[in-house]
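Participant: After the sequence you'll find the predicted model.
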Amino acid sequence: MAETFQYGSLKNEVVTIPPGRGQPPYQHGGQPAPNSAVGQIQWMAPPPSIPGCPPGLEYLTQLDQILVHQQVELFEAFTGIETQNRYQIKNALGQQVFFAFEESELCMRLCCGPGRGFTMHVVNNLNQEVLRMVRPFQCCSGCCWCAGSCDHCSRTIAIESPPGQPIGHVRQRGSSWKAHYEILDANMDPVLKIRGPCWFCQGVCCTCDVDFKVLSLDEDHEVGNITKQWAGFAKECFTKADNFGIQFPMDLDVKMKATLLGALILIEFMFYEQKKNKNNRY
């Protein structure tokens, strides 16, 4: 029996998010309750269980593209006080696949801004936690020049499915000006690399998308990409709600697909969470 998630706990139980945190209240059988205020959300049909696939990640076996939409936080937009991030994760048809919500301490958000440590809980359409991303707080880290010389200077995030069972890691690497990451498996062995552009911006005069290329280990083949999409003038200028997309081969290992989702979250915090909050530097 899944229990209601209590903010501030880091237990390994299957969790559900309470009504009002981006998901509708559920009735018996896992269907949205009648007259739900957000019952109009389109859900991707759950696939059957697949041997060897972490429970709940079967959705990813049917996808070669994921869309991630950060939800607008009105309280944060009006007050400037950092709130916990929430994301809708959809397929190419706009059907919701997962919902992700951050767990972090208020003091950490206020003092450390985008450099904060957090746990990102990812739940399926039955409100069951199927994926967990853990980013530790790392003081004096994140510089692309220093990340290659010392692991303590590298931003990292661990991906777990089920919660408590590591399936992959993302680690920042030194690369001079460019954003550079390694995608690692559960044993910390490199599998893929991510290379960002040397310089990028988005604004009123620059509305193009920004691509972070997913490459093979030898960097000779482009496997996919993580794209920061232009979200529109109002959202880009007045909020920190960003839109992203991931493309990868349909037959890519489902654990690596989930790890690329973790890479997207790390990139979002490192490059886009801070841009409209100039008081936060790391």
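Facilitator: On my side now, so go ahead.

Participant: got the phi/psi numbers for H221?
Facilitator: With angles defined as degrees, to the nearest 10, H221 sits at phi -130, psi 140.

Participant: And it, how far from M250?
Facilitator: Separation of H221 from M250 (C-beta to C-beta, to the nearest Å) stands at 16 Å. Backbone N, C-alpha and C define where each C-beta goes, glycine included.

Participant: Next: V134.
Facilitator: Distance of V134 to M250, given as C-beta to C-beta: 28 Å.

Participant: More neighbours: which of the two?
Facilitator: Set V134 next to M250 and count neighbours by other C-beta atoms under 10 Å: V134 wins out with 20 against 11.

Participant: Wait, that one touches S161, no?
Facilitator: No - if you go by C-beta atoms under 8 Å, V134 and S161 don't touch, sitting 11.8 Å apart.

Participant: What strand or helix carries the closest residue to W177 other than its chain neighbours?
Facilitator: Leaving aside its sequence neighbours, W177 sits nearest to C198 (C-beta to C-beta, 6 or more residues apart in numbering; 4.9 Å). C198 belongs to no helix or strand when assigned by DSSP states H and E.

Participant: Retrieve the pLDDT associated with C198.
Facilitator: C198 is assigned a pLDDT of 71 by the prediction.

Participant: Around it, count how many other residues there are.
Facilitator: 10.

Participant: All further residue positions should be reported with the first residue as 149.
Facilitator: Right, with 149 as the first residue, what we last looked at is C346.

Participant: wait, isn't it in contact with H328?
Facilitator: No - counting by C-beta under 8 Å, C346 sits too far from H328 to count as a contact (10.9 Å).

Participant: list residues touching both of those two?
Facilitator: Counting by C-beta atoms under 8 Å, 6 or more residues apart in numbering, C346 and H328 have no common neighbour.

Participant: Where does the prediction get shaky in the stretch 249-398 of the chain?
Facilitator: Counting by pLDDT under 70, the stretch 249-398 of the chain shows low-confidence ranges at 288-301, 324, 347-355, 378-389.

Participant: Now do the helices in it.
Facilitator: In the stretch 249-398 of the chain, the helices defined using DSSP state H, counting those that start in this stretch lie at 254-260, 381-386.

Participant: Quick one: end-to-end length of stretch 270-286, please.
Facilitator: Terminal residues of stretch 270-286 lie 23 Å apart, using C-alpha to C-alpha, to the nearest Å.

Participant: Over to stretch 260-267?
Facilitator: Taking C-alpha to C-alpha as the criterion, the two ends of stretch 260-267 lie 15 Å apart.

Participant: buried stuff in it?
Facilitator: C260, G261, P262, G263, R264, F266, T267 (16 or more other C-beta atoms under 10 Å).

Participant: now, which of these lie within strands?
Facilitator: Those of the buried residues of stretch 260-267 mapping onto strands are F266, T267, per DSSP state E.
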